[in-house]
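1. Let's see this in three dimensions:
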Amino acid sequence: MLETRFGIEVEFTGITRAQAAKVAAEFLGGRVESGSDYYNTQKVIAPDGRVWKFMSDGSIRTQKKERGRIVEVGREYSVELVSPILTYREDIETLQELIRRLRKAGGFANTSCGIHIHIDGADHTPRSIRNFINIIASKNDLFYKALQIEPDRMRFCKKMDAALVEKMNRRKPKTMAAIESIWYEGYSESRSTHYHNSRYHFLNLHSFFNGNGTIELRGFNSELHAGKIRSYIVLALALNHQALTQKCASSKKPQVENEKFAMRTYLNRIGLIGDEFKNCREHLCKHLDGNAAWRFRAA
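-> This is a model prediction of the structure:
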């Protein structure tokens with residue numbers, strides 16, 4: 001589960017891109033290269049050669065804290081951290097400490113900010129992609145409540161399209177080309193468009209078919225809280241592993257009498273077991289109703 005490569009994009013404000021790059025360079029022991037591209041990218045070249053980017057994003061509401069209150073500021077305070085390719089065991093502590101330092105420097109996330117996690121799609125097959133679609137569809141409601149997805153961001157991470165799910169399960173496509181064709185049905189724009197409208201879902205396959213071969217999960221509010229970010233990454237990796245290893249998956253939404261119990265048992269089933277992931281389970285169950293220990297009140 002934890003061996004799959006991934007990347008993460010973390011949107012925030014509170015400090016400028018130049019300030020964020022300086023913090024990262026000092027922590028990583030790297031150097032800053034200022035770009036003149038459309039996104040005004042600040043690149044931090046780490047000693048291992050990997051590049052951490054701090055880019056502008058037009059959807060971020062730019063603010064900073066001033067004398068105990070939050071004020072509106074210019075676009076230089078629009079910051080999206082784009083990580084290089086990471087692996088959990090080797091890089092999670094580095095990522096978490098960088099997040100802590102950006103927060104200490106004055107960075108924070110508001111309701112306009114999101115987190116996107118990209119997972120290496122190299123091992124996926126038509127079966128596993130269909131599994132992924134059905135897994136997300138069946139858990140839509142539970143995930144959206146658990147993750148407290150902000151209303152401001154719903155248009156950027158919509159729930160799975162019921163019509164898409166129905167077509168996938170009725171036609172049972174056997175090839176990636178057939179799945180790709182179904183994914184883009186109903187859209188008039190070119191599939192090669194970078195900001196294609198199909199991408200704005202919790203599960204985004206546009207990046208898989210016409211991007212960099214990654215599966216993107218977009219259903220996370222942004223945080224500069226290292227523990228919450230780790231829980232999001234672990235959930236993404238676990239969902240990916242479930243899709244890859246499960247023989248089949250149903251899109252049917254389970255009946256949930258006790259949300260916390262349902263989420264806890266589901267997280268255990270997909271690999272978030274033991275003390276290592278205790279904090280992850282707590283973060284992911286915190287906003288759900290019910291009792292995590294007992295399914296029924298009588299028990």
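2. Touching, Asp289 and Glu257? I think so.
-> No - taking C-beta atoms under 8 Å as the definition, Asp289 is not a contact partner of Glu257, at 10.2 Å. Every residue, glycine included, has its C-beta placed from N, CA and C.
3. Burial check on the residue nearest to Thr41 when sequence neighbours are not counted, number of neighbours?
-> Closest residue to Thr41 apart from its sequence neighbours, by C-beta to C-beta, 6 or more residues apart in numbering: Gly35 at 4.1 Å. If you count neighbours by other C-beta atoms under 10 Å, Gly35 ends up with 14.
4. Same check on Ala109?
-> Quick note: Ala109 (other C-beta under 10 Å) scores 22 neighbours.
5. Let me know the distance separating the residue nearest to it when sequence neighbours are not counted from Asp57.
-> Nearest-residue entry for Ala109: Ser222, 3.7 Å, with adjacent residues in sequence omitted and distances by C-beta to C-beta, 6+ apart. Distance from Ser222 to Asp57, counting by C-beta to C-beta, to the nearest Å: 10 Å.
6. how long is stretch 216-228 end to end?
-> Using C-alpha to C-alpha, to the nearest Å, the span of stretch 216-228 from its first residue to its last is 18 Å.
7. again but with stretch 69-82, I slipped
-> In terms of C-alpha to C-alpha, the two terminal residues of stretch 69-82 are separated by 28 Å.
8. next one: stretch 4-15
-> Across its full length, stretch 4-15 reaches 32 Å end to end, with C-alpha to C-alpha as the criterion.
9. Name the residues of that stretch that are buried.
-> 4, 6-15 (16 or more other C-beta atoms under 10 Å).
10. any idea which of those is the one closest to Arg230?
-> Closest to Arg230 out of the buried residues of stretch 4-15 is Ile8 (10.5 Å), distances taken as C-beta to C-beta.
11. So the closest one lies in a helix, does it not?
-> No - membership of Ile8 in a helix is not supported by DSSP: H, G, I helix; E, B strand; the rest coil, which gives strand.
12. Identify the bridge partners of it.
-> Counting by DSSP bridges, Ile8 forms beta bridges with Ile117.
13. where in the stretch 101-250 of the chain is pLDDT low?
-> The stretch 101-250 of the chain contains no residues with pLDDT under 70.
14. give me that answer again for 90
-> Of all residues in the stretch 101-250 of the chain, those with pLDDT under 90 make up the ranges 149-155, 211-212.
15. Now do the helices in it.
-> Ranges of helices in the stretch 101-250 of the chain, per DSSP state H, counting those that start in this stretch, are 126-146, 162-171, 176-183, 206-210, 226-245.
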